[in-house]
Every structure is written in C-alpha cells, then in structure tokens.
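S.K.: when you get a sec, could you give me coordinates for this:
(chains A and B)
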Amino acid sequence: MYIRNDRPAPGAPVVDVRHVSKRFRLRRGEGRSFQDAFINLFHRRRRSRGESHFWPLRDVSFQVYPNEALGIIGPNGSGKSTLLKMLAGILEPTEGTILVNGRISALLELGAGFHPDLTGRENIFLNGSMYGLGRGEIRARLDDIIEFSELGRFIDMPIKHYSSGMYVRLGFAVAIHTDPDLLLVDEVLAVGDAAFQNKCMRAIYEFRRRGGTLILVSHDLGTIQAVCDRVIWYEEGAIQAMGEPTQVVMEYLNHVALREEDPAPEEAASSVPAESPVPENHRWGTRRVQITRVELCDDTGTPRRVFVTGAPMQIRVHYRAPHPIEDPVFGVAIHHQNGIHLTGPNTDLSGLTLPTLQGEGQVVYRIPALPLLAGDYTVSVAVHNRADTEMYDYHDRAYPFRIAPGQNRERYGLITLGGSWEVPTGPADACTPELAAKERLVG
Amino acid sequence: MELYRFRVLLYYLVVRELKGRYKSSVLGFLWTLLNPLLMMLVFTVVFTVILPNYAVPQYPIFLLCGLLPWNYFSASVIGSIHSVVGNANLVKKVYFPREILPIATVLAQLINFLLALLVLFALLLIFRMPLSPRWWMLPLVILLHTCFTIGLALILSAVNVYYRDTMMIMDVVIMAWFFLTPVFYPLDVLPRSYEVLGFSLNVHRLMYILNPMASLINTYRDLLYLGTYTEMDFFLRTAVTSLGVLALGYWIFVRLSPNFGEEV
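M.R.: Purely as a prediction, here's the structure:
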C-alpha cells in the first residue's frame, strides 16, 4: 500500500518503508488480451508459479527522517530504480506499506513529464502542474527556473530539439524550485556537464540547508559520500548494508572487486591455487625462484581488493625456491591504471640483505598509510639477484586493487602528501620572510 | 481531494487534447462547428430523401438534438479507452492521480459539445423553434450526461490497461449502441410491446431502463426540440443512473490504478 500524507506530524519520518516487497511478472504482456486469459484458464494450474515472477524487492524496511540525505548504491538491475519509483508512487508495492509524509519532487528519468512539442517555457508549466503546483505558483518561480536551467533563448524552442543535457537542466531546475519536502534523484544528474553538476550540488546543499530531505541513487560513489549522511547498499532484492557512507561504500566496492575477480568467491576461498594464475604475457624470469602467490592485505592480514586513502596495506609475496638461492632481492611496484609508475621499492634499496632462500616462505612489504587517491592501481612483484642480471620471476601489473574515496576528500592528482594548512595570524610586517612566502602561496 | 490539487495538470491535458486534434488541419478549429452541420446534412438526406421512413417535422433539429449528445458520448468513450495506455510515458514516470487522463479526454469533448450546441441554438433561431420553459435544466442535463460519460470512461480506460481487446470490442459495441439508441429515429417507430417466449415486453420502457443514453437524449429532445416539460421522476431516475455509473467507475478505477505504472 502506498500512502501519501501532505501534512505530517512533526518528528515523523519523511519516508517509512515497512516490509515492502515487489513482484514483477517475467513474461510481459501475459494475460493482456482475452485470448491469453482464455488460454490461461487451461494452463494456469499446470505451470509452476515461481518461474514466471521475480522479486526486485523482498521484505525491505527503512526510514528516512527529516533533513536526512540518503544515498542508495548497488549494481545495475538491483532494483534501486524500482524502489525509487515505489517511493514516488508510480509503482505500487506488492506487499507492505510505504508512507510518505510531505511533498515529493522526483527526478527519475530524462525528460519524464515533458511534452516534446511544447517549448521549454510551456513545459515548465506542464511539468510544474505534475508536481501539483498552481499556475500562479509556477509563474512566480518562472524566472528563477529559467535562470537556473541556463537555457537562455532556447527556452522558447520546442524541447524535442534539446540535447539530453538541456533536458536534465530543465528537469532539475523545475524539480528543485517546487519546494518539495522530499527530493528523489535517480542518476540523471550524471548527464549534465561538470559545471552544471556542481550547480546541482550547490542547489542540493541549499535545499538541505532549508530542511529538505534527499534520496539519491547514483553510481558516482564520490558524490554519494560527499552528499549523503547515510547510505544503503541495495542488491539482490535486499538491503545488504546500511549506515555510515564511507563504510558502506567500502564494503560494496570490496564486494564488487571480489566478484569481478572470481564469480564464485566461496569456492576460491576454500582451495588455494597451487600455481599463481598470472597470465604468461605478464610474467617472465628464469623461475629459479618462483612467486607462487601474492596477497594484498589490510593490517589484520585479511586479503582485500579495496582500500581507502590513508589505510595500511601489506603486500605478502609467497615464494618457492627449489634450490638454494643466495642474496636475492624482492621488489614491488605500484602503477596507476593510466600507466604511471608510482613507486618501486625493493629490499636492496631499503638496505636489507636477505638470507639464502630455500623451500617456501614469504616476504611482506608493509605500507603504514596508503598515500594514493581514489582510482584503480596494480601491483607488480619481482625477485631477482642483487646485481639485477638475472630475473628469477616477475609478475607485471598482475594484482589489481582499488582505492575508494574515504574520509580524505582530496581528489586532484594521484597521491596525497598528507600536508596540513595554516594561516598565521598577526601583523603582516611581523612576518618572517619564509612565513611571508608561505602566505603568498596560500593566498 | 487530490484531483483538485492537480487541476492545472487537468487543464493542460485538456488543452493538449484540443490542440492536438486540429493540429495541421487547414480549417482547424472550425471543424468543431462544421462537423455537426455536415453530419446533419448527411442524415437528413438519407432519412428524408433516400429512406423517408419517419414523418418527423423539422428533422434536422430532431436529429441534431440526438446526434450532438451522442457524438459527445461516443467520442469521449472511444477516446478515453486509450487515454491511460496512450500516456504510458507519463504513467510510468510521473506520479499524479491517474483518473485525470480519462477525465481530460471527456472534458475536451465536452468543450467541443458546448461549441456544437451553439450551432444548434443558431439553428433553433433559424427554424423559429419554441424554447422549453424548463430550458434552465439544460446545464443540469449536460452535467448528468458528463457524469455518466466519465463513469464509463473511467471503467473502460482502466480495463483497457489489462485487456487491450477492450478497444476492439467497444468499437462494435458503440456502433450497436448507436443503432439501439433513438438518435436518428423517434422511439415511436419501435413497437410498443414485443412477445418473447410468451412474455410481453414493453420495448419503450426497457429502452429507457437499460439504456441511459436513450433517457438522456430523450431529455435533450424534450428541452430543445419539443419545447415541452421533461417529467421530473423520469429526470431523477436518469440522474440516479448517471451518478451511480460515475461512482462505480471511480471505484473501479481507484482499485485498478495503483498497478498502472507497471501494466501500461
């Protein structure tokens, strides 16, 4: 059941989703004509019922409170949009109750609620009327909407000639200017250019400053973390995790990375492969020492595929030396996905002399705090002799990992230097030369 | 009521419907006035020259009093059947009370009907027909007629979402209904009673009971053509039927509409 209440009691949740399930028929169009209905009279009992349905939501419950910003993440086809459409009242829950307190603006799809033959200006009125606004109310907001949309003279052109970016600008401009209590945004903002996205973000901050509630579905995890107070990771018809944004995003990314690597993680965990699965074109060397396995671990020693900026990391290199090897050197390298070689430490450069290798063992390289910013990286490992004349085994960029944007909000470049900012106070003439220079840089 | 909050949307949908109808036609809006005149011409030629069956004085007026309400009704019903399915892009993406869609179709037809009535009034003046002393009942009749039409439009547009055959079936039903309603013939040409399996049926009475359109058109004729009183108890029965159909239609529509989002 879907209930909308325009005048909520104070303190009540804006959205209250209780035990909501949604069932879709798999075969669209079934039973759409009398002919089908007639045929089904005879077939219904024979067909097993479970096959023809699927459930994008099963027993989902959550609340969203006033002025909260909730992010929803999850892979394509996980049911996020279905959930949002149910919140907007477009789809009816099969089971359970959705209660929405307050006025909603929903930005679900590009150009939804627009008529292609009408001009931008006429569509503002049409679209506004779909949010339940009167003509006077729309007229009062008209100038603001046109200005925000940056459409300028195109506002009097039929919108069928608009680009997708223009659609989104107009759609968002109307939605944000209807003064909703709850704003639902599904991904569409990704269509706009960077300048307009920034403008939307500012508008969303302003909207929230005025007390508005936001539910945002996006694949842009950076935006989700920047905007939202709480994140739901939604997949396979259920809430997988809900809570603090960075934590949920990390869990989600880790899950994604594991699945990318191996579609059946349970099986892989139980049987460790005897030989490392590095493809031959990424591997060379005499193999007098073999690198059998490489693990990227957090500080507890748990293998992970996703790390955050500033987190510790261990690169564990497992080797096997059938015959004694004297004076070996182990090294690792980290590359950014665009090919930049970021670092390449090895045991020799660190002044370490290793004992003679014989049999199996492992070497660990510890990074106390990863200075890398969000992105995809690869680890290479190598073992060679001290003179670097014989390469025993080299795994080139064979071990990918991902850095998720964490608490660190730096996003320009590849690394963070961990620096800090200060603005010295006091009269300017009292500055030492070096402080003055520093201030020039800051200013 | 939520419908009131979305009245502006209703207004835009009605305007869109009216604009869409005369888009890229040369005479455009004039057709609203021309169409009833041409139809009148056709029927008058057929039933006074080719098949002169009924001795009805001032046949063109007699005909228009039935034909205009009928056209309003049938165009509304046929148009509204498609109103929800045809606006699938809205229904699937935007929240608004779905009943606005069939209601907008009917209201657009109502505006056409009112304009066509102006033509009829002009003809009444030309033919020097007396006006009924109860002419003030006309708006009331139009209102009841609209209620009945909206009721039916709600039912059919909702059912059509689930069974697209509705459209095909209704094409035939409307045609049969047209012939079963005394639009172009006076009810008097039908036999007063008819024997079926030994039962004697009062055809005139049955017609009014089973066919609200017959009652409505009869009332229009009383007021505009005959210039007489229309009987109050007859009028009240028609009113109850019309409001009953509206209530039933609304009930059915509200029950079915939550699932439109995925069914259209």
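
S.K.: what's the closest non-adjacent residue to the residue of the stretch 301-443 of chain A found nearest chain B?
M.R.: For the stretch 301-443 of chain A and chain B, the shortest gap (CB to the nearest CB) falls at A:Pro405, measuring 31.4 Å. For every residue, glycine as well, the C-beta is placed using N, CA and C. Spatial nearest neighbour of A:Pro405, chain neighbours left out: A:Ala374 (4.1 Å); criterion: CB to CB, 6 or more residues apart in numbering or on different chains.

S.K.: in chain A, which helix or strand is least confident?
M.R.: None of the helices or strands of chain A scores lower by mean pLDDT, DSSP states H and E than helix A:265-270, at a mean of 42.

S.K.: and the next element down the chain from that helix?
M.R.: Sequence order places strand A:283-284 as the next helix or strand after helix A:265-270, per DSSP states H and E.

S.K.: and that next one, what does it pack onto?
M.R.: Helices and strands touching strand A:283-284, by 3 or more CB pairs under 8 Å, 6 or more residues apart in numbering or on different chains; DSSP states H and E, are strand A:391-404.

S.K.: for residue 115, pull up the helix or strand it's in.
M.R.: Assuming you mean chain A. A:His115 belongs to no helix or strand, assigned by DSSP H and E.

S.K.: not quite, go with chain B.
M.R.: Following DSSP H and E, one finds B:Leu115 within helix B:100-126.

S.K.: what separates whatever helix or strand comes next after that helix from the chain centre, distance-wise?
M.R.: The helix or strand immediately downstream of helix B:100-126 is helix B:138-162, counting by DSSP H and E. For helix B:138-162, the distance from its own C-alpha centre to the chain's C-alpha centre is 8 Å (CA atoms, centre = their mean, to the nearest Å).

S.K.: equivalent analysis for stretch B:118-129, please.
M.R.: On CA atoms, centre = their mean, the centre of stretch B:118-129 falls 21 Å from that of its chain.

S.K.: could you do stretch A:317-332 as well?
M.R.: 39 Å.

S.K.: equivalent analysis for stretch A:231-239, please.
M.R.: With CA atoms, centre = their mean as the basis, the mean position of stretch A:231-239 lies at 13 Å from the chain mean.

S.K.: what is the mean pLDDT for that stretch?
M.R.: The average pLDDT within stretch A:231-239 is 89.

S.K.: can you list contacts of stretch A:76-88?
M.R.: A:2, A:15, A:17, A:20, A:22, A:56-57, A:60, A:72-74, A:91-93, A:98, A:100, A:104, A:106, A:108, A:184, A:186-187, A:215, A:217, A:234-237, B:95, B:261 (CB atoms under 8 Å, 6 or more residues apart in numbering or on different chains).

S.K.: give me the phi and psi for whichever residue of the stretch 151-264 of chain B sits closest to chain A.
M.R.: With distances taken as CB to the nearest CB, the stretch 151-264 of chain B approaches chain A most closely at B:Pro258, which sits 3.7 Å away. The main-chain torsion angles of B:Pro258 are listed as degrees, to the nearest 10 and equal phi -60, psi -30.

S.K.: and the angle for the strand or helix carrying A:Val248 with strand A:391-404?
M.R.: Assigning secondary structure by DSSP H and E places A:Val248 in helix A:245-261. Here helix A:245-261 runs at an angle of 140 degrees relative to strand A:391-404 (axes from the mean of the first three to the mean of the last three CA atoms, to 10 degrees).

S.K.: for chain B, what spans make up the strands?
M.R.: The residue ranges that make up the strands of chain B, judged by DSSP state E, are B:193-196, B:199-202.

S.K.: that older thread, so what's the residue count around the residue of the stretch 151-264 of chain B closest to chain A?
M.R.: Each residue near B:Pro258 was counted by other CB atoms under 10 Å in any protein chain shown, and the total is 17.

S.K.: ok, for it, nearest residue in space, not its chain neighbours?
M.R.: What sits nearest to B:Pro258 in space, not counting adjacent residues and going by CB to CB, 6+ apart, is A:Glu92, at 3.7 Å.

S.K.: what's across from the residue nearest to A:Asp16 when sequence neighbours are not counted in the sheet?
M.R.: Distance criterion CB to CB, 6+ apart; nearest residue to A:Asp16, sequence neighbours excluded, is A:Leu99 at 4.2 Å. Partner residues in beta bridges with A:Leu99, using DSSP bridges, are A:Ile3, A:Asp16.

S.K.: of the contacts of stretch A:76-88, which belong to helices?
M.R.: Secondary structure assignment (DSSP state H) places B:Gly261 from the contacts of stretch A:76-88 within helices.

S.K.: just the buried ones from the contacts of stretch A:76-88?
M.R.: In the contacts of stretch A:76-88, burial by neighbour count holds for A:2, A:15, A:17, A:20, A:22, A:56-57, A:60, A:72-74, A:91-93, A:98, A:100, A:104, A:106, A:108, A:184, A:186-187, A:215, A:217, A:234-235, A:237, B:95, B:261, counting by 16 or more other CB atoms under 10 Å in any protein chain shown.

S.K.: what about the closest residue to A:Ala12 other than its chain neighbours, neighbour count?
M.R.: Distance criterion CB to CB, 6+ apart; nearest residue to A:Ala12, sequence neighbours excluded, is A:Asn101 at 5.3 Å. Here the count is done by other CB under 10 Å, and A:Asn101 has 22 residues near it.

S.K.: distance of A:Asn101 from B:Pro97?
M.R.: 19 Å (CB to CB, to the nearest Å).

S.K.: before we move on, back to that, tabulate the strands of chain B (CSV), appending distance to chain A, mean neighbour count and mean pLDDT.
M.R.: CSV is the format used below for the strands of chain B (distance: least, CB to the nearest CB, whole Å; neighbours: other CB atoms under 10 Å in any protein chain shown; pLDDT from 0 to 100):
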stretch, distance to chain A, mean neighbour count, mean pLDDT
strand B:193-196, 29, 10, 72
strand B:199-202, 31, 10, 73
